[in-house]
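Novice: below are the sequence and a predicted model for it; my questions follow.
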Amino acid sequence: MYIIILITLSLASFFYLKIADKFNIIDKPNKRSSHTKITIRGGGIVFPIAILLFFFLNDYQYPYFVLGVFLISVVSFLDDIYTLSSKIRFPFQFLAIFLILYQLEIPFIPMAVVYFIMGLGMINMFNFMDGINGITGLYSLAVISGLFLINTNENIINPDLIIYVAMSIVVFGFYNFRKKAIFFAGDIGSIAIGMFIFFIGLYLTVTLKSPLILLLIIVYGADAGNTLLYRKFFTKESILDPHRHHIYQKIVDIKKIGHLKVSLIYGGLQLLVNVIVLKSYALELSTQLVIFFSLIIFFILVYIYLFQKLKV
């Protein structure tokens, strides 16, 4: 079955490339871009396709989550084509996160508001961090590997959901993990993968009562979170406007390190954190919290150091 799924995703990706080329669904570089040539966008469409394939081939499991992914993917794809207003995009993001919380049967309590904010932050974080070749795919594979291994130990989620999405990332990588990418994930890809990781991560976190699982996105979180604060309080820019303040962008632009090398560094750092999480997520809550906040402080300090070194 996995071979059939891989072939199906490969064909979907191939035909999308032809269709996008015909209808001019492209990303034109601008002064804030880290790429220099016109490239097909929306190649991450294979991510929601993988989730839909799982849904139809596995007795329609997690219907509200899948509905949320479908809705936000449609809107995100339209955004890739037409550039929609945030007034259109945000209501669908709210609805998609609500459907995930409803799927997980999280009661409407103060903590649910925290989860809601986390969900919105995560899907937009994956969107903001999608700026160089390979980073969305390679980093997502690193995160998913940690989620998959924890789930293998605990048997909470149908592993096929994780496997199907991982295969879709590999297919996407064939076109994107290159010095000159053939296509980009686009909003449909980055937001769909953010939704998926939020769903799996929150499912495991709530079920296992382990805050350490949240550290499976700490590398992205440190970059995106600190960059947001920097823009909010120091540059006074709108946090919704495109920019080049992320550390990964500065490494590429200032140090002239290749896209794939930087993407591998981000994925590799996350894999190192994954090892700590895998060895610690079942410890007592007090111990987990010490590890949790220690790593957060460590990454904040690393960010500050790198920002000062790369500041121009």
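Specialist: Sure, I can see it.
Novice: any buried residues in the host helix or strand of residue 175, and which?
Specialist: With secondary structure defined by DSSP states H and E, residue 175 is part of helix 159-176. Of the residues in helix 159-176, 160-169, 171-173, 175-176 count as buried by neighbour count, 16 or more other C-beta atoms under 10 Å. To be clear about C-beta, it is placed using only N, CA and C from the backbone, and glycine gets the same treatment.
Novice: tell me the mean pLDDT for that helix?
Specialist: Mean pLDDT, computed over helix 159-176, is 97.
Novice: any idea which helix or strand comes after that helix?
Specialist: Going down the chain from helix 159-176, the next helix or strand is helix 186-208, by DSSP H and E.
Novice: which strands and helices lie in contact with the helix or strand following that next one?
Specialist: Where DSSP H and E defines the elements, the next helix or strand beyond helix 186-208 is helix 218-230. Contacts defined by 3 or more C-beta pairs under 8 Å, 6 or more residues apart in numbering; DSSP states H and E place helix 218-230 against helix 110-128, helix 247-254, helix 259-280, helix 285-310.
Novice: report the angle between helix 218-230 and helix 259-280.
Specialist: Per axes from the mean of the first three to the mean of the last three C-alpha atoms, to 10 degrees, the angle that helix 218-230 makes with helix 259-280 is 110 degrees.
Novice: give me the residues contacting helix 218-230.
Specialist: 125-126, 128-129, 139, 239, 243, 245-248, 266, 269-270, 273, 295-296, 299-300, 302-304, 307 (C-beta atoms under 8 Å, 6 or more residues apart in numbering).
Novice: of these, select the buried ones using a PyMOL command.
Specialist: In PyMOL, this line selects whichever of these come out buried by 16+ other C-beta under 10 Å:
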select buried, resi 125+126+128+129+139+243+245+246+247+248+266+269+270+273+295+296+299+302+303+307
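Novice: does anything pack onto the helix-or-strand element of the chain with minimal mean pLDDT? Which helices or strands?
Specialist: Of all helical and strand segments in the chain, the minimum by mean pLDDT, DSSP states H and E falls on strand 26-27, at a mean of 78. Contact partners of strand 26-27 among helices and strands, from 3+ C-beta pairs under 8 Å, 6+ apart: strand 39-40.
Novice: check which element follows the strand it packs on along the chain.
Specialist: helix 46-57.
Novice: give me the buried positions along the following helix or strand past that next one.
Specialist: Once helix 46-57 ends, the next helix or strand along the chain (criterion: DSSP H and E) is helix 63-82. By neighbour count on 16+ other C-beta under 10 Å, the buried set for helix 63-82 is 64-73, 75-81.
Novice: same check, this time on stretch 173-192
Specialist: 173, 175-177, 181, 183-192.
Novice: let me see the contact set for residue 142.
Specialist: 266-268, 270-271, 274.
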